[in-house]
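> using only what follows, build the 3D model:
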Amino acid sequence: MTGGGQPAPVELAIDGMTCASCANRIERKLNKMPGVTASVNYATETATVALPAGTAVDDAIATVEHAGYAARLPEPERTEDDDATRSLRRRTLVSTTFAVPVVLLSMVPALQFPGWQWVALLLTLPVATWGAWPFHRAAAVTARHGSASMDTLVSIGVAAATLWSLWALTLGGAGGIGMHMTFTWRPPHDAAPEPYFEVAATVTVFLLAGRWFEARAKTRSGAALRALLALGATSARVLRDGRETEVPVSSVRVGDRFVVRPGERIATDGVVVAGSGAVDTSVVTGESLPTEVAPGDAVTGATVNVGGLLTVEATHVGADTEVARIGRLVTAAQSGKADVQRLADRVSAVFVPVVLGLAVLTLVGWLLLSGDVEAAVTAAVATLVIACPCALGLATPTALLVGTGRGSQLGVLIRGPQVLEATRRIDTVVLDKTGTVTTGTMRVHEVVAAAGEDADRVLRAAAAAEVGSEHPVARAVVAAVPESARAVGTATAAEAFTATAGAGVQAVVDGTLVLVGRVGWLHEAWAVPVPAELDAARAAAEEAGRTAVAVAWDGRVRGLVVVADTVAPGAAEAVRRLHELGLTTMMLTGDARGVATAVAAQVGIEQVTAEVRPEDKHRVVTELQRSGHTVAMVGDGVNDAAALAAADLGIAMGTGTDVAMEAADVTLVRADLRAAVDAVRLARRTLRTIKANLFWAFAYNVAAIPLAMAGLMNPVVAGAAMALSSVFVVSNSLRLRGFRAGG
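As a prediction, the model looks like this:
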């Protein structure tokens, strides 16, 4: 709970849900609590509840229990899901063992020995009672609370088939020795009543098997998130009093320094303070190539040190780590609801009462129109059995569960299901430049030497003079030359360093005064002329959006060092793939127009708006929206946060600021613009899967219920079709596990 009456989200594990109607009932009960906002997810068997100040978690748990279910705070070490799956498996296998002989005896006349129907009765009773007990128990619980669920339909259907068969054997004449019957796709409507033991047995087995496969599939669909949350080292080699001490990772505190040897997982987020090597970040970013790290570089917990001995200082621990943050985002996304899911919820809420009414109408209608009791009971039972809202309830959450889990494996974190629907409408993608399209790090682009000069010597002299400067251009020049070569000759030290803000630097290198800076500064402050060919090269570089600094010594300009923010690897490919998706691209940056235009041309961006302030970025996005466009914004900085929040779809680079990531709908863990394309593709494919699931779930019920009411469907076939519909929906969702980046 938070202060000031602000809702605080709490996650509850819900036990006892067996269908979408159960989830909908619990959600309605929770939302009737004053100030409470709740969302119940049948696929994950959880409830996300926002509680106002003054409302305790125990109050929410009591509300769930009053609705006939059990609720608790989740405990990572609990294994009830596995126990429940094993129980369903055992119940399914035992029931199948009893049901198979019943089906064979009922459907194959050659096997119907004298008195076979009484043997079928003995074999069916354990299945219809012990096997179907989960359905009967759940139906009784909901009935006590004045409600009904899918289990109500199943329980009534199995009970009706069993009781009808008992009546047929004892009072209807079907118990006579020598009685024979055959299976038909359509129920028989002759005068002599027949037992439907195979209906009670097979419907129970089909539904148990469907529940079992459903439970297994839901477990598999959440495997990506569980694997993500299970990542990480269990211990760390912390340096204390100059010695390595192995401690549980939970004991590591911010500021602790720990050693990571090759092959070990990095215990928690931190900064390398000693050593260098390569880190496999694929578990977090999806990037297959290891990343080189050195002192000063940030590293993420759960990644693997594949080479080199590292000493790391912890910067984030426990719930503040990157992996923990990713887990929270993925869990929140899987617990939310898209508009399409809300439609399914509304249908499920009224579905069971409607089906019960249709079954009664079917029974009464057949009795009035034909007077055939057997036909009436058969049609009513088939109507009850065929009408399963589970496929509707599973259509959205299972696809969302698998899609967001797969996204987390690829370094794409989708904040919520509403994001899926936003991607469908996007027609314009607005891209920040620095840190998004470019790396945000200056690099030496080229060295232009004056006539008679050596380009390598010019660069080494510039690097030696710039060692003392913190300017981004200076750092780029220094980084371009190995430390041992930062001098005109062989010396490595620069003396008498002086920087002139916004102009350049001067330093004595190997006994020679070296000047590095703007051409105008050299001419005005030092009266050093610039050769015409170098001035032309400077103008060309600046026109291309690059920065050129002149290098001079002994009264002459010896050359130019051209520096530029480099285009991020894969940026051009990402823009091309965005265009292939039918999207228009625009660059929106605070940089100079020349720089922005040059970078945009390199990667193929169609429109450029440059020299804008953060509030201008927000304004441009809203203007695009007012003109009818649906906008996605990709950025990484504080200055992008307002635009990210205003956009229909905000995508933040995971290497950017926390403010940007909080404002975004999607976070890209790896600093690769191609991941933004994967995010759009994955979201669209997940939405397509949801729509396909809902279509088939609706189509199944629309087509099957009238057939059952018309007496054209054997209850055995109805039970099989109902179970298979849920299995189809879950299996279709699991296909998202095959989504590949870069496709």
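> which element is Ser155 on?
helix 150-170 (DSSP states H and E).
> then Ala574?
Counting by DSSP H and E, Ala574 is part of helix 571-580.
> ok, residues contacting the helix or strand that that helix is followed by?
Under the assignment DSSP H and E, the closest C-terminal helix or strand after helix 571-580 is strand 584-588. Under the criterion CB atoms under 8 Å, 6 or more residues apart in numbering, residues 427-433, 437, 575, 578-579, 596, 599-600, 604-610, 612, 617, 620-621, 629, 633, 643 lie in contact with strand 584-588. The way it works is simple: take the backbone N, C-alpha and C, and place the C-beta from them, glycine included.
> are any of those buried, and if so which?
Among the contacts of strand 584-588, those classed as buried by 16 or more other CB atoms under 10 Å are 428-433, 437, 575, 578, 596, 599-600, 605, 608, 610, 612, 617, 620-621, 629, 633, 643.
> what average pLDDT does the longest helix anywhere in the chain get?
What stands out as the longest helix in the chain, according to DSSP state H, is helix 674-709. Average pLDDT, helix 674-709: 84.
> count of neighbours near the nearest residue to Val364 once chain neighbours are set aside?
Spatially, and ignoring its direct neighbours in sequence, Val364 is nearest to Ala376 (7.9 Å; CB to CB, 6 or more residues apart in numbering). Using other CB atoms under 10 Å, Ala376 has 21 neighbouring residues.
> what's the helix or strand for Ala376?
Here Ala376 sits within helix 373-386, counting by DSSP H and E.
> from the contact counts, what lies against that helix?
helix 150-170, helix 339-369, helix 674-709, helix 715-734 (3 or more CB pairs under 8 Å, 6 or more residues apart in numbering; DSSP states H and E).
> wait, which of those helices is closest to Ala60?
helix 339-369 (19.1 Å; CB to CB).
> could the helices and strands packed on helix 373-386 go into CSV alongside mean neighbour count and distance to Ala539?
Converted to CSV, those look like this (neighbours: other CB atoms under 10 Å; distance: least, CB to CB, whole Å):
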stretch, mean neighbour count, distance to Ala539
helix 150-170, 23, 75
helix 339-369, 17, 55
helix 674-709, 21, 34
helix 715-734, 23, 59
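> and the pLDDT for Ala387?
pLDDT at Ala387 comes out at 67.
> before we move on, what about Thr2?
40.
> same check on Val304?
For Val304, pLDDT reads 85.
> same check, this time on Thr311
92.
> surely it touches Ile266?
No. With contacts counted by CB atoms under 8 Å, Thr311 stays clear of Ile266, the gap being 11.2 Å.
> could I get the full set of helices for the stretch 401-550 of the chain?
418-425, 455-466, 472-479, 519-526, 532-543 (DSSP state H, counting those that start in this stretch).
> grab the nearest non-local neighbour of Glu453.
Here the residue nearest Glu453, using CB to CB, 6+ apart, is Arg558, at 4.8 Å.
> my error: substitute Val669 in the last question.
Gly411 (3.7 Å).
> check Tyr42 too.
Ala23 (4.0 Å).
> the one you found and Ala476, how far apart?
56 Å (CB to CB, to the nearest Å).
> ok, these two, which is more surrounded?
For Ala23 versus Ala476, neighbours defined as other CB under 10 Å are more numerous around Ala23 (27 against 23).
> quick check: the gap between the more buried one and Lys617.
Counting by CB to CB, the gap from Ala23 to Lys617 is 41 Å.
> and Thr170, by the same measure?
Counting by CB to CB, the gap from Thr170 to Lys617 is 80 Å.
> who has more neighbours out of Thr311 and Ile266?
Ile266 (25 against 16).
> does that one touch Gly301 like I think?
Yes. Between Ile266 and Gly301 there is a contact under CB under 8 Å: 5.5 Å.
> so what does Tyr108 have for phi and psi?
Just to correct that, residue 108 is Val rather than Tyr. phi -110, psi 100 (degrees, to the nearest 10).
> okay, the helices and strands packed on helix 373-386 in CSV with distance to Gly742 next?
Listed next are the helices and strands packed on helix 373-386 as CSV, based on distance: least, CB to CB, whole Å:
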stretch, distance to Gly742
helix 150-170, 41
helix 339-369, 28
helix 674-709, 7
helix 715-734, 21
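> for Gly296, find the nearest of these.
When the helices and strands packed on helix 373-386 are compared (using CB to CB), the closest one is helix 674-709, at 24.9 Å.
> quick check: the residue nearest the centre of the chain vs Thr291, distance?
The centroid of the chain falls nearest to Thr404 when counting by CA atoms, centre = their mean (1.9 Å). Distance from Thr404 to Thr291, counting by CB to CB: 25 Å.
> ok, now Leu93?
49 Å.
> cool, and Leu122?
From Leu122 to Thr291 the distance is 68 Å (CB to CB).
> and if you look at Gln625?
37 Å.
> likewise for Leu673?
Shown here: Leu673 relative to Thr291, a distance of 17 Å by CB to CB.
> the more surrounded of those two?
Leu673 (27 against 18).
> count of neighbours near Ala62?
As a measure of burial, Ala62 has 13 neighbours, counting by other CB under 10 Å.
> ok, the one 4 residues further on next?
Residue crowding around His66 was assessed by other CB under 10 Å; the count is 10.
> is it in contact with Lys29, as I believe?
Yes. Between His66 and Lys29 there is a contact at 7.2 Å, judged by CB under 8 Å.
> if we can go back for a sec, quick one: closest of the helices and strands packed on helix 373-386 to Val254.
Across those, closest to Val254 is helix 674-709 (CB to CB), at 29.0 Å.
> which residues touch the helix or strand hosting Gly650?
Following DSSP H and E, one finds Gly650 within strand 649-653. Contact partners of strand 649-653, identified using CB under 8 Å, 6+ apart, comprise 419, 422-423, 426, 435-436, 630-636, 640, 643-644, 660-661, 663-668, 671, 676, 679.
> mind listing what's buried along the helix holding Ala574?
571-575, 577-578.
> model confidence score at Val561, please.
94.
> I meant Ser149, not that one.
So Ser149 comes in at 67 (pLDDT).
> what average pLDDT does stretch 126-136 get?
91.
> if you could redo that for stretch 458-469, that was the one I meant.
87.
> in that stretch, which residues are buried?
In stretch 458-469, counting by 16+ other CB under 10 Å, buried: 458-467, 469.
> I figured Val141 hits Ala70, correct?
No. Assessed by CB under 8 Å, Val141 is found out of contact with Ala70, at 10.4 Å.
> hang on, isn't Asp256 packed against Ala314?
Yes. Counting by CB under 8 Å, Asp256 does reach Ala314; the two are 4.9 Å apart.
> higher neighbour count, these two?
Higher neighbour count among Asp256 and Ala314: Ala314, with 23 against 19, using other CB under 10 Å.
> separation between Met713 and Val108?
21 Å.
> tell me where the model's unsure across the stretch 401-550 of the chain.
416-418, 421, 470, 483-493, 501-502 (pLDDT under 70).
> swap that for the stretch 551-700 of the chain, sorry
Using pLDDT under 70, the stretch 551-700 of the chain drops low at 591-592, 613-615, 637-639, 641, 655-664.
> and with 80 instead?
565, 590-595, 611-616, 636-646, 654-665, 669-671, 697-700 (pLDDT under 80).
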